[in-house]
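A.B. asks: could you work out the structure for the sequence below:
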Amino acid sequence: MKAKTMKAKTVGSKGVQPSICNTLTVREKLDAGEYKTKLVYPTVKRGDPEYTTLRNRYNADEARLHQQFKMDLFKEHGVEKHPKAELCYSKAWEHGHASGLSEVMCFFEDLVELIQP
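C.D. replies: Numbering: from 1, shown residues only. You can find the predicted model right below:
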């Protein structure tokens, strides 16, 4: 089951109006950079106490975006409450994460067919 999409007018550097981002498919959000952190990876030296704080903030934002990506995939394919959705995603992650989230999505789309009602 695919989510309905709307064509977005291009606005600014993102190319998408923020008010309609929730109507985009996961692929469109991925292409628009919705799952990329806007934070810059810390470049201060490791011994600096600020480094740990900045790195933790960066990692927390990355984790939040990764979780959002996963939940959006589940929702788009109608498997949010399916007991094997997490296993399906784990397999997709295992096979595709080295090539990026788009590859994870491709593997998930192939595997999710096995558990969809």
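A.B. asks: for the residue sitting furthest away from the middle of the chain, phi and psi?
C.D. replies: The C-alpha centroid of the chain is most remote from residue 47, which lies 31.6 Å away (CA atoms, centre = their mean). Main-chain dihedrals, residue 47, degrees, to the nearest 10: phi -70, psi -20.
A.B. asks: same check, this time on residue 116
C.D. replies: Dihedral angles (degrees, to the nearest 10) for residue 116: phi -70, psi 140.
A.B. asks: so it sits right up against residue 80, yeah?
C.D. replies: No. Between residue 116 and residue 80 there is no contact under CB atoms under 8 Å: 11.9 Å. Bear in mind the C-beta positions are built from the backbone N, C-alpha and C, glycine included.
A.B. asks: what residues of the lengthiest helix in the chain count as buried?
C.D. replies: Counting residues, the longest helix found in the chain (DSSP state H) is helix 49-76. For helix 49-76, the neighbour count (16 or more other CB atoms under 10 Å) marks 54, 65-66, 69-70, 72-74, 76 as buried.
A.B. asks: show me what the next helix or strand after that helix is packed up against.
C.D. replies: Moving toward the C-terminus from helix 49-76, the next helix or strand (DSSP states H and E) is helix 85-96. Packing contacts for helix 85-96, counted by 3 or more CB pairs under 8 Å, 6 or more residues apart in numbering; DSSP states H and E, involve helix 49-76, helix 101-112.
A.B. asks: nearest to residue 87, out of the ones you listed?
C.D. replies: Judged by CB to CB, the one of these that comes nearest to residue 87 is helix 101-112, at 9.0 Å.
A.B. asks: what angle sits between that closest one and helix 49-76?
C.D. replies: Relative orientation of helix 101-112 versus helix 49-76 (axes from the mean of the first three to the mean of the last three CA atoms, to 10 degrees): 40 degrees.
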